[in-house]
Every structure is written in C-alpha cells, then in structure tokens.
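**Q** got a predicted structure here, sequence first:
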Amino acid sequence: MSVDCSNNIQPTTRPHADVPAGVFVVVPAYNEAPAIGAVLHELRAVYPNVVVVDDGSTDGTAEVARIAATYVLRHPINCGQGAALQTGIDFALLQGAEFIVTFDADGQHRVEDVAVLLSPILCGECDFTLGSRFLGTCVGIPPLRRKMLRLGVLFTRLVNGVNLTDAHNGFRAFSRRAAQRINLRLDRMAHATELIDQIRLSGLPFKEVPVQIRYTPYSLRKGQSTRGAIRIALHYLLGRVLL
Amino acid sequence: MNLFQILAIAIVTGLLALSLVATVRGWATRREGLVWAFVWLCTGVAIARPDLTVLVAGAMGIGRGADLVLYCAVIVMLIGFFMVYARLRRLRRDLTLLSRHLAIRDASPTPPPTNPPCPAAKQIDEKHYPQRP
Ligand SMILES: Nc1nc2c(ncn2[C@@H]2O[C@H](COP(=O)(O)OP(=O)(O)OP(=O)(O)O)[C@@H](O)[C@H]2O)c(=O)[nH]1
Ligand SMILES: [Mg+2]
C-alpha cells in the first residue's frame, strides 16, 4: 500500500507487495461458517497476515477458516466478541504486529476500507482509527437499527464523554503501541464502550474514518437485536461498578 | 406441635445433620458448614418455638415474629444473590482467560515461538500464583 498522506485516501485493494510488513487483520468469528470463507478469501488476496479467532463456534467456522486464514485460533467455549478481539490482538502483538485491523467475519465490512483505516496510522497522524458508518455509508440498514446505533452514540457521549459519530463499529485499526494499551475485560458487546474508555485514557490520538457497512439478510439474521442493545448498556454500567 | 412443625423440623434436622457431615468429611469448608448449620439451627428453633421470635422481634421494635423472620429472610437472600452473582462473574472471567490462553497456545498453524509470555497466561499467573516470579 503506497501511503498517501493527503487527506483524501481512496479505498483500495492493491495486491500484497504494497502492504507494509507488520499489518495484521484480526477477524473475530462466531458461527460464521456460511460467510467467513468469502470474507477471508478477499482479505488474503491483499493482506498476508489474517488471524481468525473462532469464538467457540459450533458450525465448523474454524474448519472453513483454516482453508483461507493465515492463523486460526479457537476459544474452546464462546466468550463474546470482546474476548475474541483481545485474543486476536494479543496474538498479533506476539507475532510482532506493527499495525492491527479488526474486521468482521459476517461480510459487512469492505476490504477496500482497510487501507482507509490504516493510512492515518501509517502516516503517524494518530494511533487509533475507528470506522464510522455514519461518516461513510451504510447499505441496507433497517431504520430501527439506525436508531439504536444513534442511541449508542448518545450513550457513549454521556457515559464516556467522547463525541463520536459511530460508537459500535467493529471496524477499527490500531498502531502497535495503541494495541498494547487495550485490555478488554467485558466479554460481550459491552466491550465497544470499554474500548473507547481505554482509548481516551491512553491519551493517544484517535480519529474516526468513513467506512461502508453492508447490511445483508445474512448479517441481519445474525446481528444484534434491540433487546440485546439494552442488555449491553446495562452490562457495561454494571461492569463499571463491579470490576 | 402441629403436623407442619413436625415435618419441617424433621427436614431441618436432616439438613443440619447433612451440613455437619459435609463439614466433617471435608465436602464443604469448615466455615461454610458452620454457617449452614447455624442457619438450620435458627430455622429449627423458629419453627419449634415461634413465641421466641416474637420476643426477639419485640426487642427490635418489630411487632410480629413472622415479620422478623420475613425481613431476615429477604435480607439474607439478597446478600446471597449478590454473592452468587459476583462469584459467577469471577468464574466467567477465569473461564474467558483460560479460553483465551488455550486459543493462543494452540494457534494453528503453530507460529514461530516468541519470547514474551502470552498475556492471558500472565494474567492468570498474576491472579492465582502471585508468589511465582
Ligand atoms: N454476536 C456475536 N458475535 C461474535 C461473538 N464472538 C465473535 N463475534 C464476531 O463479531 C463480529 C461482529 O458481530 P455482530 O453480531 O455482527 O455485531 P455487529 O456487526 O456489531 O452488529 P450488526 O450491526 O447488527 O451486524 C462478527 O464477525 C462475529 O462473528 C459472539 O460471541 N457473539
Ligand atoms: Mg455484524
């Protein structure tokens, strides 16, 4: 990836040779066997280091992942997305990763956008980038889901005191030193808010970057429910009190 | 004594015996066993001599013995609830750390060895074997 440090970075899927060494893509996956194969194929065409963390899937996700991923790690039981991300980040750091991108296994993220997330970090402009579907685009998002995400943003502003446009996006990138500051302890989806806390506390500069999120019938069937969102908020607040 | 009292006391006596046996045989820690034995003893006394609860209740400014028992039961249950909840959370955390450690240890294909220890393993160590260097 030739690094363009002007402010208009275009999405790109250039082949291997251009990707700086030390870029690791971490893909948490829970029962994503139908989707993950295609996702990994696209990723591997550009990025040589793709780490799949199979979060105790029961549908053979790990077997599918083994065909295309560079590394497959497997939680013996389901621990939640936060734990899966932390495992992937720890592993990537152990392998000497300099840059880490987290990428969903359900086909909602675009491989092109990885370059967009990485480029401010490669340019030394900041240490974290957070993908934002509201700065970018979301294809096929149901109105209720959009409202929930807006509420999530409001929640983040009130509780974390950070003003973001999209607080619950699994598409993020970290520099090595930023990744070393991350220690997600809240298992389930509450980790998104926890992560923002840790970013803020680290004092390292961060930035939101426009990305595209695709909602497909598959991702909608598998994705988060409104009831889940309320549970997540409670879980996070409880976690703040108890941990 | 009415029929209820006889039945209830029989059950409570059985439970009391069980907690004592458990303590002696080492199925439960001594503290746990004694706490339970104490609980069953109090229950038995309250069932056999309800008039005693009235005395205690009166001393505490509560009108009826039954109310005293109810208040105590609610408070004890809430505390118990919270303790079980906290323990479940700790258990869940330890399970997660263990899963994460195993995942990194058994990554496939096996990556070249690295010097720094796996962070999940380090957290487990720090928590459970703090004396180890
Ligand atoms: N739901 C869920 N996802 C997990 C878990 N562990 C890892 N993941 C992965 O985390 C990624 C995001 O999960 P989603 O449930 O789609 O969450 P999301 O994309 O933030 O929410 P949507 O906008 O509804 O799709 C996927 O790649 C999952 O496979 C888990 O325990 N539960
Ligand atoms: Mg999704």
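**A** Here it is on my side, so go on. Ligands and ions are numbered 1, 2, ... in the order given.
**Q** tell me the phi and psi of the residue lying closest to A:Ala178 once chain neighbours are set aside?
**A** Take A:Ala178 and drop its neighbours on the chain: the residue closest to it by C-beta to C-beta, 6 or more residues apart in numbering or on different chains is A:Asp127, 3.9 Å away. (C-beta placed from N, C-alpha, C; glycine too.) Dihedral pair for A:Asp127: phi -110, psi -20, per degrees, to the nearest 10.
**Q** how deep is A:Asp127 tucked in, by neighbour count?
**A** By the criterion of other C-beta atoms under 10 Å in any protein chain shown, A:Asp127 has 22 neighbours.
**Q** what of the one 4 residues further on?
**A** Each residue near A:Gly131 was counted by other C-beta under 10 Å, and the total is 27.
**Q** hang on, it packs against A:Thr165?
**A** No - with contact defined as C-beta atoms under 8 Å, A:Gly131 does not count as touching A:Thr165 (10.4 Å).
**Q** so is the lowest-mean-pLDDT helix or strand in chain B next to chain A?
**A** Using mean pLDDT, DSSP states H and E, helix B:119-128 stands out as the lowest-scoring helix or strand of chain B, at a mean of 72. Yes - applying C-beta under 8 Å from any C-beta of the partner chain, one finds that helix B:119-128 is in contact with chain A at B:119-120.
**Q** for that helix, list every residue counted as buried.
**A** For helix B:119-128, the neighbour count (16 or more other C-beta atoms under 10 Å in any protein chain shown) marks B:119-121, B:123-124 as buried.
**Q** also stretch A:125-133?
**A** Within stretch A:125-133, the residues that count as buried by 16+ other C-beta under 10 Å are A:126-133.
**Q** out of those residues, who's nearest B:Asp106?
**A** A:Phe128 (29.5 Å; C-beta to C-beta).
**Q** host element of the residue of chain B found nearest ligand 1?
**A** Relative to ligand 1, the nearest point of chain B is B:Thr96 (11.0 Å; C-beta to the nearest ligand atom). Assigned by DSSP states H and E, B:Thr96 belongs to helix B:65-105.
**Q** separation between the residue nearest to A:Ala178 and A:Gln180?
**A** Noted for A:Asp127: a distance of 10 Å to A:Gln180, by C-beta to C-beta, to the nearest Å.
**Q** of all of chain A, which residue lies closest to ligand 1?
**A** A:Gly223 (2.4 Å).
**Q** for that residue, list the residues it contacts.
**A** When contacts are counted by C-beta atoms under 8 Å, 6 or more residues apart in numbering or on different chains, A:Gly223 touches A:106, A:145, A:215.
**Q** again, but for A:Asp113
**A** A:11, A:131, A:136, A:171, A:211-212.
**Q** cool, and A:Glu98?
**A** Residues near A:Glu98 by C-beta under 8 Å, 6+ apart: A:20-23, A:175-176.
**Q** just confirm B:Val12 contacts B:Ala48, I think it does.
**A** No - judged on C-beta under 8 Å, B:Val12 makes no contact with B:Ala48 at a distance of 9.2 Å.
**Q** between the two, point out the one with more neighbours.
**A** In this view B:Val12 and B:Ala48 are compared by other C-beta under 10 Å, and B:Val12 has more residues nearby, 20 against 15.
**Q** Provide the secondary structure category for the more buried one.
**A** At B:Val12 the chain is in helix, as set by DSSP: H, G, I helix; E, B strand; the rest coil.
**Q** so what's it up against?
**A** Each residue near B:Val12 by C-beta under 8 Å, 6+ apart is listed here: B:40, B:43-44, B:47.
**Q** and chain B, which residues reach chain A?
**A** So far as C-beta under 8 Å from any C-beta goes, chain B lies against chain A at B:86, B:89, B:92-93, B:95-96, B:99-100, B:102-104, B:106-109, B:111, B:114, B:116, B:118-120.
**Q** what bits of chain A have low per-residue confidence?
**A** Chain A contains residues with pLDDT under 70 at A:1-17, A:187-189, A:225-228, A:239-243.
**Q** can you show me the CA trace of the strand ranked longest in it as CSV?
**A** Ranked by residue count, the top strand of chain A under DSSP state E comes out as strand A:128-139. Taking Å, rounded to 0.1, in the frame of the first residue of the first chain, the C-alpha atoms of strand A:128-139 are listed here in CSV:
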residue,chain,number,x,y,z
PHE,A,128,-6.3,4.5,16.6
THR,A,129,-8.8,4.8,13.9
LEU,A,130,-12.4,3.9,14.3
GLY,A,131,-14.6,3.1,11.3
SER,A,132,-17.7,5.2,11.1
ARG,A,133,-20.7,4.1,9.0
PHE,A,134,-22.3,7.5,9.6
LEU,A,135,-19.4,9.4,8.2
GLY,A,136,-19.3,6.9,5.4
THR,A,137,-22.2,4.9,4.2
CYS,A,138,-24.4,2.0,5.3
VAL,A,139,-26.1,0.0,2.7
